[in-house]
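Visitor: The sequence and its predicted three-dimensional model are supplied below.
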Amino acid sequence: MKKYIIKLIIISTLLIANAYGVSNPEPMRMDALRINNNQSNDCSEQYNCDDCNKNYSCENYGAYCCDDATNKNSDLSCSDLEANNWDCSGCACSNHPEDQDNVDSEGNFISKFGCMDDGNHPESNFPNGCTPGVDCIAACNYSDSFMYINFSRCDYPPPGDCDCNSVVGSDTTGDGIIDDYTPHILDDCGICGGPDKIYGALMDCCEDEVDDCNICEGSNFFTGGLLPNGACDCDGNILDECGQCGGDNYFDDTDALPDGSCDCNSVVGSDTTGDGIIDDYTPHILDECGVCNGDGIVVGTCDCYGNVEDCVGVCGGSAILDECGVCNGDGTTCEEISGCTYPEAINYNSDATKDDGSCEYLMGDLDHSGTLNISDVIILANKILTGDWFSW
C-alpha cells in the first residue's frame, strides 16, 4: 500500500508541475526504490539501451536506462520506474507482466512521457524562431494525454515550414494513403501554404475571389481572350489588325503593314508543309496587279485582265490583219499574183497569191520535200513495181 501511495503523490506533483511549465522532477535512485530488495547496482555492465529515448547516469541513478534497470531488478517494471520519474519511452519493457498490460496494438510500451509541446510551453524547442505562447504552433506529434513532458519526443517541422505537412503529410488522392509531404511556407499574405500572391496595386491581401487580373473582387474575367472592356491583357492593350495583343501591325493608306507586308503572314505565319506547324513568316507584298502575294501579269498577256496586244500594239485593242495582211485593213488592197506557192519547190515565189502549177523540184525529189531522202526511194520503187514508172 505504501508503494502505491508514494506513486500517487509523485504523479499528482508532476501533473501540477507540468501544468505550470516546470521541468520534470529527478528520477528516484534505484537503491531508494527497494522493490522486493532484489537489486543490483553494478554499473560495470550495461543492458542494451538502444531502444530507450532517455539514458541516465548509472552512477547517479543506479542504471543506464529503464531496460537496464529492469534487467538489474527482475521485479521492477517500467510502470514502476515511470511512477518514480523514470522516462521509459521507447524502451522494450518486456520483462515484467505489469508492462504487458500497458502496450499499444503493436506491442510497444505506452509511456507516460511524451510530447506535450502545444506551442505555449516556455521550454518549447520549435525550430522556426517563434515565440512560445505567441506565434509557435504545436509540435507535430503533440498530445495532451501524457503525464510527463519529454521534449525530445517532439517532432517539429524543418526550419522554414509553417505547419506539420512535411512531417505528418496529407492524403492528396483521397485513398487513405499519406502521399504528400510538401513543406508549407507562409505566403506574402501570411497564409500558411497559401497561394503566395499579393493582389492589387495596393498590395492588399485578398481573402475573397480575385479576378483574372489578380484584382480582389474584380470583374476582369477573360471571355474569348478579351476582357469586358475589350482589352486583350490586364495592361489595357488591344488586339492589332493581325490579332497580336499590344502589337503595332496596322495597315496604312497603301494597305501595307509597317514592314511593307500586304497581309499578316509575317506576323502570324503559315503552315507550308501541312504538318500543323507554323513555319513560314515570309512577308507578302502586292504584285503589279495589286494582288497580295500574287503572280503578276501572266506571260503572253499585256495587262492584269488577260488582254493581249492587237496588230497596232494596243493592249486589248481591236485592230486585226485583213485577208491581205494589212493591219486594220479592209481587204481591198490585195493583188492576185500567179506563181509557185509551194515553199519546197526550187522556183517558189513568196509573192504569189495563186498557185499556177509551175512548181519545179529537184530531180528525184518525188515527195516534193525539197530534199532527196529514203522516202523518194520508196516512192520510186513503188512506181516501178506498179508500172507507173513511165507516167512519171
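Guide: Yep, it's here.
Visitor: mind exporting stretch 350-361 as PDB, just the C-alpha atoms?
Guide: The C-alpha trace of stretch 350-361 is given here as PDB (Å, rounded to 0.1, in the frame of the first residue of the first chain):
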ATOM      1  CA  SER A 350       6.800  34.200-152.000                       C
ATOM      2  CA  ASP A 351       4.800  37.000-153.600                       C
ATOM      3  CA  ALA A 352       2.500  34.600-155.400                       C
ATOM      4  CA  THR A 353      -1.100  34.500-154.100                       C
ATOM      5  CA  LYS A 354      -2.300  31.900-156.600                       C
ATOM      6  CA  ASP A 355      -0.500  28.600-157.400                       C
ATOM      7  CA  ASP A 356      -0.400  28.200-161.200                       C
ATOM      8  CA  GLY A 357       1.100  24.600-161.200                       C
ATOM      9  CA  SER A 358       4.600  25.800-162.300                       C
ATOM     10  CA  CYS A 359       6.500  24.400-159.300                       C
ATOM     11  CA  GLU A 360       9.700  22.600-160.100                       C
ATOM     12  CA  TYR A 361      11.500  20.200-157.900                       C
END
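Visitor: Pull out the buried positions in it.
Guide: With burial defined by 16 or more other CB atoms under 10 Å, the residues of stretch 350-361 counted as buried are Ala352, Cys359, Tyr361. C-betas here are computed from N, CA, C, even on glycine.
Visitor: average model confidence for it?
Guide: For stretch 350-361, mean pLDDT rounds to 84.
Visitor: Please apply the same query to stretch 108-124.
Guide: Stretch 108-124 comes out at a mean pLDDT of 82.
Visitor: now the helices for this structure?
Guide: Assigned by DSSP state H, the chain shows helices spanning 2-19, 30-33, 58-61, 66-72, 78-83, 97-100, 165-168, 265-268, 374-386.
Visitor: Generate TSV for these, with mean pLDDT, distance to Asp365 and mean neighbour count as supplementary columns.
Guide: Converted to TSV, those look like this (pLDDT from 0 to 100; distance: least, CB to CB, whole Å; neighbours: other CB atoms under 10 Å):
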stretch	mean pLDDT	distance to Asp365	mean neighbour count
helix 2-19	41	139	12
helix 30-33	80	147	17
helix 58-61	90	142	16
helix 66-72	88	135	26
helix 78-83	90	138	25
helix 97-100	84	137	14
helix 165-168	87	111	16
helix 265-268	92	65	17
helix 374-386	75	6	12
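Visitor: and the closest residue to Met116 other than its chain neighbours, what are its bridge partners?
Guide: Excluding the flanking residues, the one nearest Met116 by CB to CB, 6 or more residues apart in numbering is Ile149, at 4.9 Å. Ile149 has these beta-bridge partners by DSSP bridges: Gly114.
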